[in-house]
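Chemist: Quick one: sequence and predicted model below, then my questions.
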Amino acid sequence: MLSKIILQANIDKVAKCFEAADKIVIVSHVSPDGDAIGSSLGLLHFLETQGKEVRVIVPNAFPDFLRWMPGAKDVLRYDKYAEFADKLVAEADVVCCLDFNALSRIDALASPVAAAQGKKILIDHHLNPETFCQIVISHPEISSTSELVFRLICRMGCFEDITKECAECIYTGMMTDTGGFTYNSNNQEIYFIISELLSKGIDKDEIYRKVFNTYSEDRLRLMGYVLYDKMQVFPQFRSALITLTKGEQGKFHYVKGDTEGFVNIPLQIKNICFSAFLREDTEKDMIKISLRSVGNFPCNKVAAEFFNGGGHLNASGGEFYGTMADAVQLFKQALVKYEDLLLKN
């Protein structure tokens, strides 16, 4: 049995909204990851079993290794079909906001979502959600938004309506947001959920292969380049840094998702507890910051203080507007600032 994390009052409100709705739109954050797509498609498949007209809209492209997921081909990109997406959002009876805690996280989608007359529901596991939804299901202690979607469906008494396709999407979101269940995944209830998803006929080994073992040759060569030429280790701070410019990405024919997981690799080095990956964005004039840690080191505090970001204790991110040299210098300042915590972690 699962503990009742979500308040019954919120369960009742969501169930009432879904029951009364005909058209439902699901939106998720910019540069959608496995949890964003997994939770969105998982909820879509469930709502379709309830006879609802559902569309998933994301701000921009998501990685190729997620395109196998059931329903992924019908995900609508706002950067390509803004006018059509605006119409869908405006006409929706319910707008579900998944895996983000602030309107700024959905870029240009923020304006139509803010203006939507339909009831807005937030389902998310990031800290400090903003107040832009009438119903807020926010649980930062939960490993993924996909797990929250599963819990919501079950608490509404609809476990039997979870299809194999729905289960595959939910499992993918849970798996990717925990690094294949290697962090943020010590809660035994996660594994009870996995067993329930397996009962729906999913092949978790095949899902892992599709997500983690179907990269291109260019991606593997990029990884080799990054590890040999672009990784700096700071043993005195138990930290490591990887940087990657647009030009370097171009040499390896970079496509979205090719650097997924790179930030985790330095944590395999003995005694390293903090890793940062600074990558020049290929779509915007900024540097994307990815931070990972092990133990109790709060990389979310580093993200918030130095890189206008945030996230979870061991997995966070942010943005930097400036040169790569300046971003690296800021990272080094962070190491000095957090030296005591790094050394005692």
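Modeler: Now that the structure is in, tell me what you want to look at.
Chemist: When you work out contacts or count neighbours from here on, use the C-alpha atoms and nothing else.
Modeler: Fine.
Chemist: where do the strands sit along the chain?
Modeler: Secondary structure of the chain (DSSP state E): strands located at 23-28, 53-58, 76-77, 94-98, 119-124, 135-138, 231-234, 239-244, 274-280, 287-293, 310-311, 315-320.
Chemist: and the second one, what's its mean pLDDT?
Modeler: In other words, strand 53-58. For strand 53-58, mean pLDDT is 98.
Chemist: if we can go back for a sec, of all the strands of the chain, which one is nearest Arg67?
Modeler: strand 76-77 (12.6 Å; CA to CA).
Chemist: Give the other helices and strands that the closest one contacts.
Modeler: Other elements packing on strand 76-77 under the criterion 3 or more CA pairs under 8 Å, 6 or more residues apart in numbering; DSSP states H and E are strand 53-58.
Chemist: Given the strand it packs on, what are its sheet partners and their directions?
Modeler: Using DSSP bridges, strand 53-58 pairs in its sheet with strand 23-28 (parallel), strand 76-77 (parallel).
Chemist: for the longest helix along the chain, packing partners?
Modeler: Longest helix in the chain by number of residues (criterion: DSSP state H): helix 34-49. On a contact count with 3+ CA pairs under 8 Å, 6+ apart, helix 34-49 meets strand 23-28, strand 53-58, strand 94-98, helix 145-155, helix 164-176.
Chemist: ok, back up a step: any chance of the strands paired with strand 53-58 in JSON lines with distance to Val54 and mean pLDDT as columns?
Modeler: Shown next, in JSON lines, are the strands paired with strand 53-58 (distance: least, CA to CA, whole Å; pLDDT from 0 to 100):
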{"stretch": "strand 23-28", "distance to Val54": "5", "mean pLDDT": "98"}
{"stretch": "strand 76-77", "distance to Val54": "11", "mean pLDDT": "98"}
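Chemist: Could you single out the most deeply buried of those?
Modeler: Compared across the strands paired with strand 53-58, strand 23-28 shows the largest average neighbour count, a mean of 25 (mean count of other CA atoms under 10 Å).
Chemist: got the angle for it vs strand 119-124?
Modeler: 30 degrees (axes from the mean of the first three to the mean of the last three CA atoms, to 10 degrees).
Chemist: how about Asn184, what does it touch?
Modeler: Ser143, Thr178, Asn314 (CA atoms under 8 Å, 6 or more residues apart in numbering).
Chemist: hmm, try it at 7 Å
Modeler: For Asn184, the contact set (CA atoms under 7 Å, 6 or more residues apart in numbering) comprises Ser143, Thr178.
Chemist: That one and Gly318, how far apart?
Modeler: 19 Å (CA to CA, to the nearest Å).
Chemist: Bridged to the residue lying closest to Asp281 once chain neighbours are set aside, which residues?
Modeler: Counting by CA to CA, 6 or more residues apart in numbering, Asp281 lies nearest to Ile287, which is 5.5 Å off, once chain neighbours are set aside. Judged by DSSP bridges, the bridge partners of Ile287 are Glu280, Phe320.
Chemist: With distance to Val328 as extra columns, can I get the strands of the chain in TSV?
Modeler: Shown next, in TSV, are these (distance: least, CA to CA, whole Å):
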stretch	distance to Val328
strand 23-28	30
strand 53-58	30
strand 76-77	32
strand 94-98	32
strand 119-124	31
strand 135-138	33
strand 231-234	11
strand 239-244	8
strand 274-280	8
strand 287-293	11
strand 310-311	18
strand 315-320	10
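Chemist: Check the nearest residue to Ile106 once chain neighbours are set aside and give its pLDDT.
Modeler: Leaving aside its sequence neighbours, Ile106 sits nearest to His29 (CA to CA, 6+ apart; 4.7 Å). We have a pLDDT of 97 for His29.
Chemist: what number of residues lie near His29?
Modeler: Using other CA atoms under 10 Å, His29 has 25 other residues around it.
Chemist: what's the distance between it and Glu19?
Modeler: Applying CA to CA to His29 and Glu19 gives a distance of 26 Å.
Chemist: for Ala303, same thing?
Modeler: Taking CA to CA, one finds Ala303 at 40 Å from Glu19.
Chemist: and if you look at Val211?
Modeler: 34 Å.
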